[in-house]
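1. predicted model and sequence below, questions to follow.
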Amino acid sequence: MSFTMSARVDGRLDAALTVAPGETVAVFGPNGAGKSTLLAVAAGLLRPDAGSARLGDRQLFATGDGGRQHRVPPHWFPPHRRGVALLAQEALLFPHLSVLDNVAFAPRSGGKSRAESRKAARHWLGEVDALELAERRPAQLSGGQAQRVAVARALAAEPELLLLDEPMAALDIHAAPQLRRVLKRVLAGRSAVIVTHDVLDALMLADRVVVLERGRVSEEGPVREVLGRPRSAFAAGLAGLNLMTGTVTAAGLLAAGGQLVTGTPDGEAAAGEPGVAAFPPSAVSVFLELPHGSPRNCFPVTVTELEPHAGRIRVRAGELSADITPAASAELGLEPGMRVFFVVKSAEVQVYGA
Amino acid sequence: MGSARNGHAYSGIPRWLYVPAAVGALFVLLPLAAMLAKVNWAQFIPLVTSAASLDALGLSLRTSAASTALCLVFGVPLAMVLARRPFRGQRLFRAFVLLPLVLPPVVGGIALLYTFGRQGLLGKGLEVAGLQIAFSTTAVVLAQTFVALPFLVVSLEGALRTAGKRYEAVAATLGASPATVLRRVTLPLVLPGLASGAVLSFARSLGEFGATLTFAGSLQGVTRTLPLEIYLQRESDADAAVALSLLLVAVAVAVVGLSYRKQQVSA
């Protein structure tokens, strides 16, 4: 079932989202970027100021003219008639029902008999490896168990679109991988949108990535594309890359700050077009004085932070970072506030169109 | 305090606070004890089983049950609207709904009289239709409902706000219609609040006096509820008044005690 939506919520969201049949889309973005608002509009829990959405051949909502006068859209499906299930950060299992009856809730609401609903509930509990929890009360479950049951409950509604709002965020580091495995299995072939902060979710669960910043889509594309060649600072941060924006030149990129970055432009980026230069922190060396020789880029920077990072020291200097060994850091005597040079070989810098 | 079992958890209560707390407790318990001391036990059974007493007790229980039912029928929707659907002027609206809490009951009785009485706002029309409400058992129920409704609305609205809307939103995205959500999610979640609200309403109805006397009068078997009977007997037969008072206390304690235990079990 394909899903298309474009919606505007004044001051919070102005974005379009498309989910192809069977596709899982990961939505990234800083806090307050409008990710949860996007899901709430899709689920029917929040009326947008303007916009429209279709799921398959059904119109979920539509404002007449997209005009600002209509605060109440002329066409509006309430949440229970959408076939869109929402899984939140917290499991929110109904505390007065057993696990089995929680999962049976949607089939029962859909008009099935109690016996049929419970049969369906057992099937979905099995799908999330939680059949043995059927007779328990929600209060007797761990966070990870509760969230798996919540997944089963959402699936039991047989939604045409499944929305997941940071489903792993409230779980401890042991429970998250198990839920991620369950999600990988059940999301296969399903139309779904998952809001997340974890790049691992994109790699494991998603086909496509959408980056939302200040209510707008700043970047979107296949996971490999966005993480391999990020165009927004946020996506570069996810991919663990340094990113500089500017104008493509024959030899590289003229950065916004006036700095010339030499690198290897790919074939598609023509000189004069807006572009970005990306390079991994591991390719950056740190010098106290300006080095000479070899075709290298030197960026004078001020160290802002030092932090441990996978057995190395990540040296942050504003937007850029460098990964060096603890020994090298000690030898240089690095500390926040020091003025140093970040040096990166041209061969390590990728330049492409933005 | 249970401190022997649980260890000495920090209570945060200054020592001197126990003194006014004890005075407050005595203030409530002492009058009850004083009344108990005045009971004429030899005559107790005949006093409370006289025809007038039994009439009054039966009427009180019947009308209180009816007014509690009315409170549920109108109070649950009122609390839902107040807790779930913000609208302009809501604070003012709530203040008026809760007004009977602070209004002298006799004023409520007068207000009801000018609404449902023979010359009242609705009473005139009802009179034409052959319905006379004032000074009937129906009037007793209406007077009790008027004073008891805010108790149910207040406790249920609080329970609804505490429960929050999130479970209801989840239920809706699982395909449950608003009616199903109300029946299978909202009401079960607030059941303890609903039960305590109903008990408070029942207790308030049972004790209703001023509005009942003003709007319904005092006719044995028709409008003379237990509090009215007690007030009447106080003039002529103090022993009967005390015995009936004790009966009312016993009924009230039983109702509150039963519901309190039920809530503990459900929680």
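-> Yep, that arrived. Residues are numbered from 1 along each chain as shown, chains lettered A, B, ... in the order given.

2. nearest residue to the closest residue to chain B within the stretch 151-300 of chain A other than its sequence neighbours?
-> Going by CB to the nearest CB, chain B is nearest to A:Ala157 of the stretch 151-300 of chain A, at 4.7 Å. The way it works is simple: take the backbone N, C-alpha and C, and place the C-beta from them, glycine included. Excluding its sequence neighbours, the residue lying closest to A:Ala157 (CB to CB, 6 or more residues apart in numbering or on different chains) is A:Ala106, at 3.6 Å.

3. shouldn't that neighbour be within a strand?
-> No: read with DSSP: H, G, I helix; E, B strand; the rest coil, A:Ala106 is helix and lies in no strand.

4. for A:His174, what are phi and psi?
-> Note on A:His174: backbone dihedrals following degrees, to the nearest 10 are phi -90, psi -30.

5. how many other residues sit next to it?
-> The tally of other residues near A:His174 (other CB atoms under 10 Å in any protein chain shown) stands at 9.

6. that one touches A:Gly144, doesn't it?
-> Yes: applying CB atoms under 8 Å, one finds A:His174 in contact with A:Gly144, separated by 7.5 Å.

7. for A:Val211, give me its contacts.
-> Neighbouring residues of A:Val211 by CB atoms under 8 Å, 6 or more residues apart in numbering or on different chains: A:27-29, A:217-220, A:226, A:232, A:234-235.

8. so which bits of the stretch 1-150 of chain A are right by chain B?
-> Near chain B, the residues belonging to the stretch 1-150 of chain A are A:43-45, A:78-80, A:82-86, A:88, A:90, A:92, A:94-96, A:105-106, A:108-110 when assessed by CB under 8 Å from any CB of the partner chain.

9. now A:Ala317. Nearest residue, chain neighbours left out?
-> A:Val301 (3.6 Å).

10. give me the low-pLDDT residue ranges for chain A?
-> Low-confidence regions of chain A, defined by pLDDT under 70, span residues A:64-73, A:293-295.

11. please apply the same query to chain B.
-> Looking along chain B with the criterion set at pLDDT under 70, you get B:1-7, B:261-267.

12. just checking the distance from the longest helix along it to the centre of its chain.
-> For chain B, the helix that runs over the most residues, judged by DSSP state H, is helix B:51-84. With CA atoms, centre = their mean, to the nearest Å as the basis, helix B:51-84 stands 7 Å off its chain's centre.

13. mind listing what's buried along it?
-> B:53, B:55-57, B:59-61, B:63-64, B:66-68, B:70-72, B:75-76, B:78-83 (16 or more other CB atoms under 10 Å in any protein chain shown).

14. re earlier: which of the residues of the stretch 1-150 of chain A next to chain B fall in helices?
-> Per DSSP H, the residues of the stretch 1-150 of chain A next to chain B map to helices at A:43, A:105-106, A:108-109.

15. which two in the residues you listed are spaced the farthest apart?
-> A:Ala43 and A:Arg108 (20.1 Å; CB to CB).

16. thinking again about what came up before, ok, the contacts of A:Val211 vs B:Leu194, which is closest?
-> Looking across those and measuring by CB to CB, the closest to B:Leu194 is A:Val27, at 39.5 Å.

17. give the pairing partners of the helix or strand where that closest one lies; include direction for each.
-> Using DSSP states H and E, A:Val27 maps to strand A:24-28. Using DSSP bridges, the strands paired with strand A:24-28 are strand A:192-195 (parallel), strand A:208-213 (parallel).

18. and these, which is most packed in?
-> Of these, the one with the most neighbours on average (mean count of other CB atoms under 10 Å in any protein chain shown) is strand A:192-195, at a mean of 26.

19. could you point out the helix or strand that follows that strand?
-> Downstream of strand A:192-195, the next assigned helix or strand under DSSP H and E is helix A:199-205.

20. right, and A:Val182 touches A:Asp129 too?
-> Yes: using CB under 8 Å, A:Val182 is in contact with A:Asp129, at 6.6 Å.

21. hang on, B:Gly120 in a helix?
-> No: judged by three-state DSSP, B:Gly120 forms no part of a helix; its state is coil.

22. excluding its backbone neighbours, what's nearest A:Thr247?
-> A:Leu254 (4.7 Å).

23. I misspoke; the intended subject was A:Glu166.
-> Per CB to CB, 6+ apart, closest to A:Glu166 is A:Gln89, 4.8 Å.

24. that neighbour and A:Leu164 touch, don't they?
-> No: counting by CB under 8 Å, A:Gln89 sits too far from A:Leu164 to count as a contact (9.4 Å).

25. overlap of the contact sets of these two?
-> Contacts common to A:Gln89 and A:Leu164, judged by CB under 8 Å, 6+ apart, are absent.

26. around chain A, which positions in chain B sit nearby?
-> B:166-167, B:169-178, B:180-181, B:184-185, B:188-189, B:191.

27. now those: which count as buried?
-> By 16+ other CB under 10 Å, the residues of chain B next to chain A give B:167, B:169-176, B:180-181, B:184-185, B:188-189, B:191 as buried.

28. domain ranges for chain A?
-> A:3-228, A:246-353 (automatic domain parsing).

29. quick one: closest of the ones you listed to B:Glu235.
-> Closest to B:Glu235 of these is domain A:3-228 (CB to CB; 51.7 Å).

30. got the end-to-end distance for that closest one?
-> From its first residue to its last, domain A:3-228 covers 26 Å (CA to CA, to the nearest Å).

31. next: stretch A:125-142.
-> 15 Å.

32. follow-up on the earlier one: so the residue nearest to A:Ala317 bridges to which residues?
-> Under the criterion used (DSSP bridges), A:Val301 bridges to A:Val340.

33. mind listing what it touches?
-> A:317-318, A:320, A:339-342.

34. from these, list just the buried residues.
-> A:317, A:320, A:340-342.

35. from the residues you listed, which is closest to A:Thr245?
-> A:Leu320 (12.6 Å).

36. which non-adjacent residue is nearest the closest one?
-> A:Asn242 (5.0 Å).

37. next one: phi and psi at that neighbour?
-> Backbone torsions for A:Asn242, taken as degrees, to the nearest 10, come to phi -80, psi 140.

38. list the contacts for B:Ala252?
-> B:203, B:206-207.

39. ok, 10 Å please
-> B:Ala252 sits next to B:199, B:202-203, B:206-207 when contact means CB atoms under 10 Å, 6 or more residues apart in numbering or on different chains.
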